[in-house]
Structure formats: structure tokens, C-alpha cells
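>>> When you get a sec, could you give me coordinates for this:
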Amino acid sequence: MSSSSTSFLRSVLPYIPTRTLRTMRSTTETIPSTPIKVLRTVPSLRQWRRPHVLNHRSVALVPTMGALHSGHLSLIRAAARDNHHVIVSIYVNPAQFGRNEDLASYPVTWEADTKILADLDRELADDGGNLGRVSAVFAPTTADMYPNGFPGQDVDSKGSFVNITPVAEVLEGKTRPTFFRGVATVCMKLFNIAQPERVYFGQKDVQQTVIIKRMVEDFMLPIEVVICPTEREADGMALSSRNVYLGTRRRRVGLVLHRALRAAEAQFTNGARSRSEILGAAHQVVNRTLQEQTALGPEERALFEVDYISLADPSTMMEIEEVDMEKGAVLSGAVKMLEVEKAREGEDLGYKGGPPVRLIDNIVLKPGDV
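This next block holds a predicted model:
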């Protein structure tokens, strides 16, 4: 490492020991057969970021917890169209899991994820319509992200958190009281580390998008939040990393949520504006499906519990009694697919043997759609 390089890094990152700076320069990791850098520490990402500020090159961030699927890839493609450089973060954030949730079984698929990114990088390189490509993957440890120690997953845990209320206290936040605190906190950290011009999120997590936009506005962060449409499978199910848990039987029945929201949307399209009319159609679908499954034997059925079916204001996620056609509304819901009671021989139960799976989905009723 030359003395001039050391001096430059010292001016940019004055608080890092010289030995660490040398290590950062000499241990450059990339995804095999690609130019995509793998950055595993906060200083290494900041070092990578600095020249792009000086060269006026835009940087986008796509936050993920890994287990990449085509929904993530659509976000990365959108980011590459509009920005010179794209950072994909891969970090399973323990703060957004409750103490009794599925953190231990959450899929960790680093090898598959890096292969997906390598294939996508080649695709982006061949597409002349893109401004940029995937330039870096940020894959920190929890010790990196929580330098004073992880504060814990309990509601009353003490530590440095970002809370966006009251929007984080309803719907998903009511059932999972620490979830959005964890999401907002880790996103604030990622935004501060990466300093992106734009960040990209999917519409599937609609309440999350409202919270992130509110956080950026309230804390006056110089970041544009870009929301991309929900990516769906051919049958309409919203893509999610947790879908791998479902297996064949629960996957088929899990479509009940999408069908229920579509039924509610059809009521709106046909002129309904009241909560009772719109959500009544959704509840009919859910109740009928649950009755059908309950009537089957344990080796055939897939039971589920409904957490909520909601008709809410698009800016606050608070429940509404009637749709304001100047604002529109958000239809959303969550169901918990229970474990299969009795498996058939050789049956595909899903990843990790098919633990309970929480499915969420939403449809935005936009102003002027009807």
C-alpha cells in the first residue's frame, strides 16, 4: 500500500488504525467471475463510497435479508436503470424478529444469492438501457451493525432504536410489536452507512414502505424512496423469501389471502366505497376456504388463522370506514399458515419441515382507478 493511498484513506477515515487500513486495501473480496465487491465492514463500505461522491456518481441501495428471489431482482434492475452504482445489502436483522419468531430457521443462502447476483450482473451488462450495474454487496455481521451490542428482541429492550409511531403500531405492528422498530433502526443504519441517493423497496410490504417514507421525511434524509410493484408468481401469490417454508399443500391453500383481496378489489371496482361492502367480500372468501379445509381430514387439509383484513388510509395505515376517492386506500391482510397436522408419505412440507408461515399481501386502491 503506497504512502499516498494511506494518506488518502487517513483523510477519509481518520479514526481507523493504520493496520486496519492496510488490511482493507489488501483484502479485496469479489463475487467469483464478477467485478462485484463484497464489503463486510462499515469502514470498507465507506471507503468504497467516498470516490463516487467526489465523482458525482449516483449510488442506490437495495436492502435485503438474502434468500433472493425475482422480487428482489426487479428492485435491483430498477435501481440499475436509474443509478451508476447499486449496493445490495444482505443482512438478516435480528431486531425485526420477535423472540418467538423464525429467526433461527430463516433461510441463509449466501452461495445461491451470490450466484443469482453474478447471473444478474451479466444480464445488466448486456442491457444497454441501464445506467449502472451491481457494484457491491454489503454483508455485515451483527457486531458491525450494533457496535455497542445487540440490545435484544424484547419489547422493553434498551438501546438505540428508531420508532415511527403511530403508523408502526397498527396491523403488522400490532401483531409484531418490535418488527417495525427493528426495520426502521436497521434501515437508518444502512442509509447512514451507504449514503445512497435512492433506496428501493417492494410494494408487497406496504406498511414498511409507508414507515420508511415517513422516516426519511421526518429525519430529513437526502434520499429518494422508490417503491416498485409487487412481484407475483403465475397464480398471483406475492413473492416472499418465506414462501419456501410452505410446501405443496399449504402453498395451494395460502392463495386464500390473494383471492380474498382480489374479491374486495372487485367490490371497489364495481362501485362499493364502504368498509362493510368491500371487506365483506374478502371475509366471504376467507370463511368459505377455512370451512372447506376444516371439513377435510388431517392428512389433506391445510389450516390457517386470519390475523387481519384491512382497509386503510394510504398515508397513515389507519382503518377507514369509507374510501376517499381523492386519496385512495390500501387493502391488506395477513394469514398464518399452520403446520401440517399429518403428513403423507414423501410429501413436500417445505423448507425446514414446514414451520408456521406468516403471509402478507396488499392491493392499493388508487385515486381515479374507477
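>>> which strand residues sit across from the most centrally placed residue in the chain in the sheet?
Closest residue to the average C-alpha location of the chain: residue 64 at 5.9 Å, with CA atoms, centre = their mean. Listed beta-bridge partners, residue 64: residue 90 (assigned using DSSP bridges).
>>> Please tell me how far it sits from residue 205.
12 Å (CB to CB, to the nearest Å). Any C-beta I mention is one placed from the backbone N, CA and C, and that applies to glycine too.
>>> wait, the residue nearest to the centre of the chain sits on residue 90?
Yes. Here residue 64 reaches residue 90: they are 5.7 Å apart, a contact under CB atoms under 8 Å.
>>> Check which helix or strand residue 250 maps to.
Using DSSP states H and E, residue 250 falls within helix 247-253.
>>> any residues touching that helix, and which ones?
237, 243, 289, 293, 300-302, 304, 337, 340, 347-350, 354, 357 (CB atoms under 8 Å, 6 or more residues apart in numbering).
>>> what comes up buried for that helix?
By 16 or more other CB atoms under 10 Å, the buried positions in helix 247-253 come out as 247, 249, 250, 251, 253.
>>> Residue 34 is in contact with residue 117, correct?
Yes. Using CB under 8 Å, residue 117 is in contact with residue 34, at 7.5 Å.
>>> Those two - which one has more neighbours?
The neighbour comparison of residue 117 against residue 34 (other CB atoms under 10 Å) goes to residue 117, with 22 against 19.
>>> Which secondary structure element is home to the closest residue to residue 33 other than its chain neighbours?
The shortest distance from residue 33 to any non-neighbouring residue, by CB to CB, 6 or more residues apart in numbering, is to residue 118 (6.2 Å). Assigned by DSSP H and E, residue 118 belongs to helix 110-126.
>>> what does that helix contact?
31-36, 38, 66-68, 73, 76-77, 80, 88, 90, 130, 133-134, 137, 139.
>>> Show the average pLDDT along it.
Computed over helix 110-126, the mean pLDDT rounds to 95.
>>> Tally up the residues packed near residue 125, please.
14.
>>> Next: residue 97.
18.
>>> tell me the contacts of it?
By CB under 8 Å, 6+ apart, residue 97 lies in contact with 103, 106, 153, 178, 179, 182.
>>> What distance do you get for it to residue 62?
21 Å.
>>> Now residue 91. Its backbone dihedrals?
phi -150, psi 120 (degrees, to the nearest 10).
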